[in-house]
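Engineer: Predicted coordinates and the sequence they were generated for:
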Amino acid sequence: MIKGLLALVAVSALLLTTHGDATAQKAAGTPLLSGPLAKLDIKPAQIEKAKGKPQGTLTVGMHFALDPGWLDPLEHITAVTMQMYDYFVHDALIKGMPNGEFVYGLAEQAELAADFRQAAFRLRPGLKFHDGHPLTTTDVKWTYENFKGAYTKLFKDKLEHIQVVDDRTIVFHFKEPFVEFMDLYNGSVTGIGWIVPKHYYEKVGRDGFKARPIGAGPYKLVSQEAGVQMTFEANEDYWRRVPATQTIVVKGIRDLAARMAGLQTGELDLAFGMTGKLLPRLMADKNLRWDPNFTGPWWLMFPGYNEPDSPFRDKRVRQAVSLAINRQFLVKQETQDIGKAWGNWIGPENRDALKGDKDAPVPEYNVEKAKQLLAQAGFPNGVEFEWYVAFPPYFDMGERILTDLRAVGIRGKVQVLEGPAFRAKIGQGRKGYPSNKTIVQNIDPRSGGAKANLGVYAVCGSPSSFVCEPQIEALWTKHQASVDPLERERLVKAIQRALLDGYHFIPIYLNPFVHAVGPRVLPDGEGFHRYWDTLHAPYPWPWEVWEVKANR
């Protein structure tokens with residue numbers, strides 16, 4: 001249950017082997033494609049019978065302001081934060097759920113050709129959007145063709161055409177093998193898998209949709225105050241199950257102490273990001289419960305590091321940054337020793353991730369060596385940089401890291417960006433942080449294997465890239481051209497090794513993104529931990545399973 005650090009779950013690849021017999025797919029209904037198929041590991045949906053009417057209100061305190069843009073999958077950013085709202089309002093053909101990394105959602109059947117040039121889906125019968133309008137393959141096709149978010153260029157460049165066979169059957173035809181299509185089309189990786197209603201979006205337009213979106217998910221947005229609050233009501237016609245909670249209110253509460261007070265007074269039932277100096281207080285409160293919710297590692301990156309006047313152009317300066325960080329002290333101060341110093345910027349849940357003392361040992365802490373490297377790089381008096389960029393509620397963590405850096409002569413100031421602004425800039429990669437004298441603190445758990453993180457942050461052509469290196473680009477080009485799973489795994493690990501050896505990304509520690517609940521959350525006792533069972537999920541989705549006492 002405790003993801004990452006304690007569980008170290010070995011997630012099976014979605015793509016396992018190829019098989020020459022289409023009937024071996026064991027899919028529901030008749031085959032969708034002719035010829036040999038790739039074998040897919042997609043778990044069945046867990047459809048539950050209604051246990052009664054939805055009841056009660058769950059009030060959630062998010063650790064930064066709310067962005068209406070998170071409600072529009074067509075403009076999906078790379079940040080996993082946006083998926084919290086996907087799981088409220090929308091639904092995907094396949095998505096991550098507690099019973100698997102890849103689980104059937106709107107689709108009841110999927111097939112992928114053995115040559116990776118075709119992918120087909122059959123939708124469940126009777127699907128409807130919140131307004132009662134049928135959800136069909138026309139909406140699936142329209143969503144794909146109008147998508148403008150993460151990985152847009154890849155999806156568009158690979159596509160030859162989309163064939164709508166009937167209202168429930170659709171086939172994607174690709175110009176060349178698209179090996180990672182199912183990984184990326186999973187709603188847990190990109191936004192293109194979350195299906196948007198064509199009829200409604202065309203009627204209200206981009207701004208109208210963000211103000212009042214409709215989807216096919218378990219909750220309907222009924223009101224929002226931009227940046228401050230969103231209110232969702234149960235969709236009792238949701239195909240998977242009737243949501244247990246009637247109303248979910250999400251509030252943007254940047255201040256950690258205010259979230260703590262809200263939990264203690266009962267104003268909040270669930271609060272995110274309980275970290276730093278208030279964490280002992282949470283642990284000591286017998287009326288509150290908390291989940292360690294291991295997500296992914298913190299890491300540092302250097303926008304514009306390869307430009308001539310950047311202080312981080314020299315590898316020895318980046319290595320000095322790593323050597324200066326006292327990871328064990330950070331873990332103690334920020335997480336009360338729940339976290340774990342970590343040697344990779346990709347978490348242990350991810351397929352093909354380097355991990356452990358052999359493949360990715362925790363970087364050394366050595367102040368004197370850091371000073372020596374700075375002197376060798378031509379900075380005997382240290383290095384001046386502009387900003388160390390962090391986001392709520394991790395101000396103290398940023399200051400502590402800056403204190404470590406100042407001890408070796410690397411001097412800068414903390415710049416705190418509001419959550420939506422930080423994530424929007426991360427989505428722009430190098431362009432989001434125009435100064436090349438900046439260090440950015442980031443964290444980004446995501447499904448799709450280690451290659452998903454590489455494809456976002458370390459590939460020259462990605463809009464979110466912070467690293468563009470000829471050696472890495474050559475390995476990535478080979479990976480993308482290969483259809484051999486073993487070769488692809490080897491190349492993904494080689495890229496991770498190159499990034500770590502080059503100190504392009506500096507891992508810090510595996511983060512326990514501690515969430516806390518109040519006494520109204522059911523079940524009583526320790527059973528509430530089940531809400532964090534979904535792999536790669538920093539937020540406790542799916543939301544339709546949350547239960548609260550019906551006294552508010």
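Structural biologist: Structure's in. What do you need?

Engineer: The lengthiest helix in the chain: which residues count as buried?
Structural biologist: What stands out as the longest helix in the chain, according to DSSP state H, is helix 485-501. Going by neighbour count (16 or more other C-beta atoms under 10 Å), the buried part of helix 485-501 is Arg488, Glu489, Arg490, Leu491, Val492, Lys493, Ala494, Ile495, Gln496, Ala498, Leu499, Leu500. For glycine as for every other residue, the C-beta is placed from the backbone atoms N, C-alpha and C.

Engineer: on contacts alone, who are the packing partners of it?
Structural biologist: Judged by 3 or more C-beta pairs under 8 Å, 6 or more residues apart in numbering; DSSP states H and E, the packing partners of helix 485-501 are helix 450-457, helix 470-481.

Engineer: State the distance from the residue positioned nearest the centre of the chain to Gly427.
Structural biologist: Centroid check for the chain by C-alpha atoms, centre = their mean gives Val80 as the closest residue, at 2.8 Å. Computed as C-beta to C-beta, to the nearest Å, the Val80 to Gly427 distance reads 12 Å.

Engineer: same question, Val548
Structural biologist: 34 Å.

Engineer: Give me the more crowded residue out of these two.
Structural biologist: Val548 (23 against 20; other C-beta atoms under 10 Å).

Engineer: In contact with the residue nearest to that one when sequence neighbours are not counted, which residues?
Structural biologist: Excluding its sequence neighbours, the residue lying closest to Val548 (C-beta to C-beta, 6 or more residues apart in numbering) is Gly56, at 4.0 Å. For Gly56, the contacting residues are Thr245, Gln246, Thr247, Arg520, Glu547, Val548, Lys549, Ala550, Asn551, Arg552, by C-beta atoms under 8 Å, 6 or more residues apart in numbering.

Engineer: which SS class is the first one?
Structural biologist: This means Thr245. coil (DSSP: H, G, I helix; E, B strand; the rest coil).

Engineer: next one: Leu268
Structural biologist: Under three-state DSSP, Leu268 comes out as coil.

Engineer: burial of Phe294, as a residue count?
Structural biologist: Neighbours of Phe294 under the rule other C-beta under 10 Å: 27.

Engineer: Isn't it up against Pro512?
Structural biologist: Yes. Between Phe294 and Pro512 there is a contact at 5.5 Å, judged by C-beta atoms under 8 Å.

Engineer: thinking again about what came up before, rank the helices and strands packed on helix 485-501 by pLDDT, which is bottom?
Structural biologist: Across the helices and strands packed on helix 485-501, helix 450-457 has the smallest mean pLDDT, namely a mean of 90.

Engineer: Just say which of the helices and strands packed on helix 485-501 is most tucked in.
Structural biologist: The highest average neighbour count among the helices and strands packed on helix 485-501, using mean count of other C-beta atoms under 10 Å, belongs to helix 450-457 at a mean of 25.

Engineer: Who are the packing partners of that helix?
Structural biologist: helix 181-185, helix 485-501.

Engineer: Including distance to Val165, could the ones you listed go into TSV?
Structural biologist: Formatted as TSV, the helices and strands packed on helix 450-457 follow (distance: least, C-beta to C-beta, whole Å):
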stretch	distance to Val165
helix 181-185	18
helix 485-501	29
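
Engineer: So for Gly35, which of those sits nearest?
Structural biologist: helix 181-185 (16.7 Å; C-beta to C-beta).

Engineer: Show the subsequent helix or strand relative to the closest one.
Structural biologist: helix 198-211 (DSSP states H and E).

Engineer: Pretty sure Gly187 sits against Met97.
Structural biologist: No. Using C-beta under 8 Å, Gly187 is not in contact with Met97; the gap is 9.9 Å.

Engineer: Give me the more crowded residue out of those two.
Structural biologist: Between Gly187 and Met97, counted using other C-beta under 10 Å, the more crowded position is Gly187 (28 against 25).

Engineer: And that one, how close does it get to His536?
Structural biologist: As for Gly187, its distance to His536 is 12 Å (criterion: C-beta to C-beta).

Engineer: Between those two, which contacts overlap?
Structural biologist: Gly96.

Engineer: one step back: as a markdown table, the helices and strands packed on helix 450-457 with distance to Asn350 and mean pLDDT would be great.
Structural biologist: Listed next are those as a markdown table, based on distance: least, C-beta to C-beta, whole Å; pLDDT from 0 to 100:
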| stretch | distance to Asn350 | mean pLDDT |
| --- | --- | --- |
| helix 181-185 | 11 | 92 |
| helix 485-501 | 10 | 96 |
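
Engineer: Quick one: closest of those to Gln333.
Structural biologist: helix 485-501 (24.7 Å).

Engineer: Could you identify the helix or strand that succeeds the closest one?
Structural biologist: strand 505-512.

Engineer: which residues touch that next one?
Structural biologist: Here strand 505-512 has contacts from 4-5, 292-301, 318, 321-322, 325, 327, 330-331, 335, 338-345, 347-348, 360, 363, 401, 443, 457-458, 467, 499-500, using C-beta under 8 Å, 6+ apart.
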